[in-house]
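1. Take a look and give me a structure for this.
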Amino acid sequence: MRVPVIDLDSLTQNWWAVALRGLAGILFAIITFVSPAISLAALVLLFGAYAFADGVLSIVSAVRRRGADRWWVLLLQGVVGIGAGVITLLLPGITALALLFVVAAWALVTGALQIAAAIRLRKVMSGEWLMALGGILSIALGVLLIAFPGPGALALVIWIGAYAFVFGILLLVLGFRLRGLRSPRAHQPAHSVA
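-> Reported below is the predicted structural model:
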């Protein structure tokens, strides 16, 4: 059975979406570190906005890669992110425990999809370990949140902030690595034939 590989040209053309996802994660982390005593309602809204933005950017990448091999994985990741964001934004009064399990489920699914994408990426580029490490961190966050649901909202803020910061840096680095891999044709303007 042949394992399909990712279309590198399509992926490198959309390097900016990967980098933008990383930047969104870093900004979210900075906000949570600057104000760790943030209220649970604000945490719900911040997480909802972050998950929604991450989902939208994943769907944009998927649509731009439509027709490429396994583009639907990014689409699925985007739908999960938007779903987690919408749930948290529409139900801001949910308890800390409910939020914790929404975040945990989102982290587990996103992590698994990131690892699957990294496995396919190793066929077309080096440095795919950045995406795999991001997936492993995402799964670790989900497992920690499920295993220790009682540490409280402040610990949840710090865990999510730390995850978003590291994951954001990894995506930002990966985005710029993808930018560097763009083919020379992607940099040249189209010439008209007279």
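2. Every contact and neighbour count from this point should use C-alpha atoms.
-> OK.
3. quick one: buried residues of the lengthiest helix in the chain?
-> Counting by DSSP state H, the longest helix found in the chain is helix 153-180. Buried residues in helix 153-180, counted by 16 or more other C-alpha atoms under 10 Å: 153-154, 156-175, 177-179.
4. Next: stretch 126-139.
-> So for stretch 126-139, counting by 16+ other C-alpha under 10 Å, buried means 128, 129, 130, 131, 132, 133, 134, 135, 136, 137, 138, 139.
5. CA-only coordinates of it, as PDB, when you get a sec.
-> Taking C-alpha atoms only, stretch 126-139 is exported to PDB below (Å, rounded to 0.1, in the frame of the first residue of the first chain):
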ATOM      1  CA  SER A 126      13.200  17.800   6.600                       C
ATOM      2  CA  GLY A 127      12.200  19.600   9.800                       C
ATOM      3  CA  GLU A 128       8.800  17.900  10.000                       C
ATOM      4  CA  TRP A 129       9.700  17.100  13.600                       C
ATOM      5  CA  LEU A 130       8.500  20.700  14.400                       C
ATOM      6  CA  MET A 131       5.000  19.800  13.400                       C
ATOM      7  CA  ALA A 132       5.200  16.400  15.200                       C
ATOM      8  CA  LEU A 133       6.500  18.000  18.400                       C
ATOM      9  CA  GLY A 134       3.700  20.500  18.200                       C
ATOM     10  CA  GLY A 135       1.300  17.600  18.000                       C
ATOM     11  CA  ILE A 136       2.900  15.800  20.900                       C
ATOM     12  CA  LEU A 137       2.700  18.900  23.000                       C
ATOM     13  CA  SER A 138      -1.000  19.300  22.100                       C
ATOM     14  CA  ILE A 139      -1.700  15.700  23.100                       C
END
